[in-house]
Structures are given as C-alpha cells and as structure tokens.
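Trainee: Sharing a model that was predicted from the sequence below.
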Amino acid sequence: SAVISQKPSRDICQRGTSLTIQCQVDSQVTMMFWYRQQPGQSLTLIATANQGSEATYESGFVIDKFPISRPNLTFSTLTVSNMSPEDSSIYLCSVETSGTYYEQYFGPGTRLTVT
Amino acid sequence: AQSVSQHNHHVILSEAASLELGCNYSYGGTVNLFWYVQYPGQHLQLLLKYFSGDPLVKGIKGFEAEFIKSKFSFNLRKPSVQWSDTAEYFCAVNPGGSYIPTFGRGTSLIVHP
C-alpha cells in the first residue's frame, strides 16, 4: 500500500494566476498519475508522471497548461497555469505500487476554485 | 474509445435494503475491473478488484461484485446496506496490460438510518 499527501488541500485563486499542487508518497513508486474530478463527473486522467522521463499527457491536456515535475520516486508536482473558472475542480494524485496489479492509491485531493 | 457506464447516478436506500450498482464497459478484450469507494471526507480507496478466476469477487465491508463477460458488466452488490455505506462509488476498467484505468461517472449512495 501507499500513503499519499497533497498540498494544498484547497485554494481559491484568481483567474490568470497559477497554482502548484504537491504530491508526496511514503514509499518509492514508479508510476504516478494526476487526475481531475469535476463535480458530478468521472475522474479524468491528466497525465502519467514517471521519474526520469517527461510526463505523458492525455488527449485534451497539454504541458503548457499543466506542467508536471517528477524529481524523484516519492514526489511530484502539478501546476495549473493561467487559470480560468473552468479549471475549478478537484485534482487528485495517485500511484500504482509494484505487485498490486494496477491497483491505485489516491491522495486526498486538492479542491481548486478559480474566481 | 473505451467507456465505462454507471447507470445509477444517485441511489437512496434505507438501512438493511439490498444494493446493486450497475457497471458496464465497452472494451472487448481482457480487462481488469475495480470498484473504488470514497466515503465523505476521505480518500478514494479500493473496494474490490477482479483480474481472473472466479467471476464473483468479494471485497471489504461485505461488498461483492460479479463479472459477467458476456454482458460486459461488473455490478456491485451488498445484501444489506448500513448507514456507514453512504459514499460515492466508482467503477474502473483497465484494458488488459494497460496501467491506465477508465473510470465511470460514479454513483452517489445515501443510506438512511
């Protein structure tokens, strides 16, 4: 298993600004994921972040808008850049640990409101 | 593209009622199947999973799910719900060999005491 923490837990930001969300895991993991969860909707994968390589973005998400860092095996950041009200959402970090057959462990999420 | 459908978006039950939440997926090959649960104020966590073998899998807190390949379904069941089962439930499907799951929209379950 893995225990994941995220900072901040919530924030209210003005449009046009950027917010960086941190994800810390209590063990070394290869694969980390960033999701967006909008009210009443499914979890949507933004990108997969593996240590030592560029993040892989899903369709509809681009690096300029959601730059991701993965400096080591226990930490990652997601930045939401040039925010607009449409970016208001919950952002979730998750990991897969080896031997768990694709089971994911999720962080508590960051609730972002853009005004 | 693969999709996962959860037909019940909101379910309201009384304690001791039986529960069945539907999950259907569109992928035709081998799949790994999951149900995740998010209790109020808590992290999303795994409820149960299916990879192979017995299509009836049991998870935590008395939940079970049955994989019916011919129907592309993985419905979640519990014979008698409790107030503490109030939560959001998500079905997720990994196509065989993929690390990336596709999630359903989720079902909000409210259990009245």
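Mentor: That came through fine. Residues are numbered from 1 along each chain as shown, chains lettered A, B, ... in the order given.
Trainee: close to chain B, is stretch A:71-85?
Mentor: No - using C-beta under 8 Å from any C-beta of the partner chain, stretch A:71-85 stays clear of chain B, with a minimum separation of 15.6 Å. Where you see a C-beta, it was placed from the backbone N, CA and C, and this is true even at glycine.
Trainee: need the residues of chain A near chain B, please.
Mentor: Close to chain B, as judged by C-beta under 8 Å from any C-beta, chain A has residues A:4, A:31, A:33, A:40-43, A:45, A:48, A:92, A:94, A:96, A:101-109.
Trainee: Any of the residues you listed buried? List them.
Mentor: A:4, A:31, A:33, A:42-43, A:45, A:48, A:92, A:94, A:96, A:102-109 (16 or more other C-beta atoms under 10 Å in any protein chain shown).
Trainee: hang on, the earlier thing: just to be sure, which of the residues of chain A next to chain B are found in strands?
Mentor: The strands, defined by DSSP state E, take in A:4, A:31, A:33, A:43, A:45, A:48, A:92, A:94, A:96, A:104-106 from those.
Trainee: Let me see the contact set for residue 93.
Mentor: Using chain A here. Applying C-beta atoms under 8 Å, 6 or more residues apart in numbering or on different chains, we find A:C93 in contact with A:4, A:6, A:21, A:23, A:32-35, A:76, A:78, A:106-107.
Trainee: wrong chain, I was asking about chain B
Mentor: Taking C-beta under 8 Å, 6+ apart, one finds B:2, B:4, B:25, B:27, B:31-34, B:74, B:101-102 in contact with B:V93.
Trainee: Who wins on neighbours among those residues?
Mentor: Comparing the contacts of B:V93 by number of neighbours (other C-beta atoms under 10 Å in any protein chain shown), B:F74 comes first, having 29 neighbours.
Trainee: ok, that one to B:V93 distance?
Mentor: According to C-beta to C-beta, to the nearest Å, B:F74 and B:V93 sit 8 Å apart.
Trainee: Which of the contacts of B:V93 fall in strands?
Mentor: Among the contacts of B:V93, the members falling in strands (DSSP E) are B:4, B:25, B:31-34, B:74, B:102.
Trainee: Also within reach of chain A: list those from the residues you listed.
Mentor: B:4, B:32, B:34.
Trainee: picking up where we left off before, show me which of the ones in strands among the contacts of B:V93 is closest to chain A.
Mentor: B:N32 (5.5 Å; C-beta to the nearest C-beta).
Trainee: Mind listing the residues bridging to that closest one?
Mentor: Assessed by DSSP bridges, B:N32 has beta-bridge partners B:N94.
Trainee: I figured it was touching B:G97, is that so?
Mentor: No - if you go by C-beta atoms under 8 Å, B:N32 and B:G97 don't touch, sitting 9.1 Å apart.
Trainee: got a list of what the residue nearest the centre of chain A touches?
Mentor: Nearest residue to the geometric centre of chain A (C-alpha atoms, centre = their mean): A:W34, 3.1 Å. For A:W34, the contact set (C-beta under 8 Å, 6+ apart) comprises A:23, A:45-47, A:49, A:66, A:68, A:76, A:78, A:91-94.
Trainee: Many thanks, have a good one.
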